[in-house]
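Undergrad: with the sequence up front, the predicted model follows.
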Amino acid sequence: MREQQTDVLVVGGGLGGVAAALSAARDGRRVVLAERHDWLGGQLTTQAVPPDEHPWIERSGCTATYRRLRDGIRAYYRRWYPLTATARAHPALNPGGGWVSGLCHEPRVAVAVIESMLAPWRSAGRLTVLLRHRPTAAAVDDDRVESVTLTSDADTPRTVTADYVVDATELGDLLAMTGTEHVTGAEAQAETGEPHASTHARPDAMQAVSACFAVDHRPGEDHTIDRPPSYEHWRDQRPPGWPGRRFSFQGPDPTDVAGSIRHTFVPNPDGDTNRSVAAHRADPDANDLWTFRRIVARRNFTAGSYDSDITVVNWPLLDYVGGPVIGDDPVAVARHRQAARELSLSLLHWLQTEAPRPDGGTGFPGLRPRGDVLGSGDPLAKDLYIRESRRIRAQHTIVEQDVALASRPDGTAASHPDTVGIGAYRLDLHPSTGGDPFIDMAACPYELPLGALLPVRMRNLLPGGKNIGTTHLTNGCYRLHPTEWNIGEVAGALAAYCLEHRTAPSQVRADPEHLARFQRLLDRHGVERRWPRVGAL
């Protein structure tokens, strides 16, 4: 067993973990960042999900370092890719021209930019990055995490002792490992007072996970994968709230559970490939699945560079709700993770063999899986797309009434004196493992209260992602890329601040002088804490 000591240990190298490591190192602390995969970036990279963002992202509504990430991705394409003159000159370059975001891009580009952002601190010896390391044990004493054991298949396990620990894992692994008070699934309405909460607590009712994949299209070729053993089961399944069987281009309308939407699927369409609409429901092609999460638009690149677009499949058709991937039974968790993968492989096979084509035929055998673009050894992304984590029992829990437009008739979310960031997204919940259909409600641009990052008891453990003090419902709008980055950046900065001033996170919130000083520090680092008047989503 190897032993290591550091100021701040960040476990989980998703967007929140990367931001936490950056901010703590920037503020003068020694940091260890551990990630179970060989890529950093989480939902943006290993999970293959282009950034879901709000319509003001190009000018407001994120931290300065998140903007550096976005700018760095565009700069990477301009420097290394054979862009057309028109695409290169576009100030809001959208390499994939997808309509889910104004910046749809390949995961490996984000990996490269993240590595470049971390490089100065690694070179300075202030940051150690441990890839392919996962937490397997933790030592706790007197409401403090003393150490975390990290295990790698290729290295001797190491025990890292740290003054502060940031849990930036995708599922809140350290919350369970350290006995930190937390909640999973749906809370009871009697507890939260939320109009749309469950009548009783349902810890196993968690948002669907998805095994995303990428494809291009090569007409005249046959790239059909073998039929998965569970193919007929998934093809013919009728999930709650669906107008028919699962594998169909007629799907549920998230904003109207009684309605449905007819999607189109046309590989390699002509038309505008560099639009920058981030409020994707306003896009004129918002029902087209090919362009939805397209990450390479061939017409953004010089003639002959690409024979086909490349698009990521992350659609409601592959939402897995058979059971939660969080739990005390590792066999059940492994079974659900594998079933989610089989669902996605079945969808791919259906697209290649049975999906209706615009010409009246069936199947697109020319759809070629592009696991190489996702850095994986098979058609699917390295990891499942996780929408919901364990969540801390926090000093302040964000509830529906704080953000839902129906509860905020003036269009302004609740204001928090301890705000440490801002974000915006609809209350967007995918179907749950408890049998719930989509929940999709308008929300106001919101603030991030420091109290939502503070556990009720633990003194040196901070959440670094989707595991903050939200509810099952408000997780639906605090779970996306810019907010996760904001959460992690604040967690890392808070740990560094507490070490410098010899105080505790709870004291920073409770003491007006400390709070004001910490908020000024965030201001200097470009963390936006208040929204201008912009309307609701």
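TA: Perfect, I can see it now.
Undergrad: alpha carbons only for contacts and neighbour counts from here, please
TA: Will do.
Undergrad: list the contacts for L171?
TA: Neighbour list for L171: I326, I386, E388, S389, R390, N467 [criterion: CA atoms under 8 Å, 6 or more residues apart in numbering].
Undergrad: please read the previous query as pertaining to V527.
TA: Residues in contact with V527 (CA under 8 Å, 6+ apart) are C62, T63, A64, V420, G421, N486.
Undergrad: got the phi/psi numbers for it?
TA: Dihedral pair for V527: phi -90, psi 110, per degrees, to the nearest 10.
Undergrad: look up how far G61 lies from it.
TA: According to CA to CA, to the nearest Å, V527 stands 9 Å off from G61.
Undergrad: what's the domain layout of the protein?
TA: Recorded structural domains for the chain (assignment: automatic domain parsing) are 2-50+105-189+388-524, 213-268+308-369.
Undergrad: any idea which of the ones you listed is most buried?
TA: domain 2-50+105-189+388-524 (a mean of 22; mean count of other CA atoms under 10 Å).
Undergrad: so what's the gap between it and the chain middle?
TA: A distance of 12 Å separates the centroid of the chain from that of domain 2-50+105-189+388-524, by CA atoms, centre = their mean, to the nearest Å.
Undergrad: and the end-to-end length of it?
TA: 38 Å.
Undergrad: can you give me the helices for the stretch 101-250 of the chain?
TA: Along the stretch 101-250 of the chain, the segments classed as helices by DSSP state H, counting those that start in this stretch run 107-123, 173-178, 189-192, 231-236.
Undergrad: so for the third one, what gets flagged as buried?
TA: Right, helix 189-192. T192 (16 or more other CA atoms under 10 Å).
Undergrad: and Q250, what is it in contact with?
TA: Listed by CA under 8 Å, 6+ apart, the contact partners of Q250 are P243, G244, S260, I261, R262, H263.
Undergrad: for it, give the beta-bridge partners.
TA: Beta-bridge partners recorded for Q250 (DSSP bridges): R262.
Undergrad: so how far is W99 from it?
TA: 19 Å.
Undergrad: that older thread, would you turn the contacts of Q250 into JSON lines with pLDDT and distance to P316?
TA: Conversion of those to JSON lines gives the following (pLDDT from 0 to 100; distance: CA to CA, whole Å):
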{"residue": "P243", "pLDDT": "87", "distance to P316": "13"}
{"residue": "G244", "pLDDT": "88", "distance to P316": "13"}
{"residue": "S260", "pLDDT": "86", "distance to P316": "12"}
{"residue": "I261", "pLDDT": "88", "distance to P316": "11"}
{"residue": "R262", "pLDDT": "91", "distance to P316": "13"}
{"residue": "H263", "pLDDT": "91", "distance to P316": "11"}
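Undergrad: ok, R479 to S60 distance?
TA: 18 Å.
Undergrad: show me the shaky parts of the stretch 251-400 of the chain.
TA: For the stretch 251-400 of the chain, the stretches flagged by pLDDT under 70 are 272, 274-286.
Undergrad: show me where it has strands.
TA: Taking DSSP state E, counting those that start in this stretch, the strands of the stretch 251-400 of the chain run over residues 256-262, 294-296, 310-313, 367-369, 391-392.
Undergrad: tell me the strands beside the last one, with direction?
TA: Meaning strand 391-392. When DSSP bridges is applied, strand 391-392 pairs with strand 182-183 (antiparallel).
Undergrad: go on, the second one?
TA: Each strand paired with strand 294-296, and its direction, by DSSP bridges: strand 310-313 (antiparallel).
Undergrad: tell me the pLDDT at the residue lying closest to R26 once chain neighbours are set aside?
TA: Excluding its sequence neighbours, the residue lying closest to R26 (CA to CA, 6 or more residues apart in numbering) is W121, at 7.7 Å. According to the prediction, W121 has pLDDT 98.
Undergrad: next one: the most far-flung residue of the chain relative to its centre from P409, what distance?
TA: Distance from the centre of the chain peaks at G360, with 37.0 Å (CA atoms, centre = their mean). Look at G360 and P409: by CA to CA, they are 48 Å apart.
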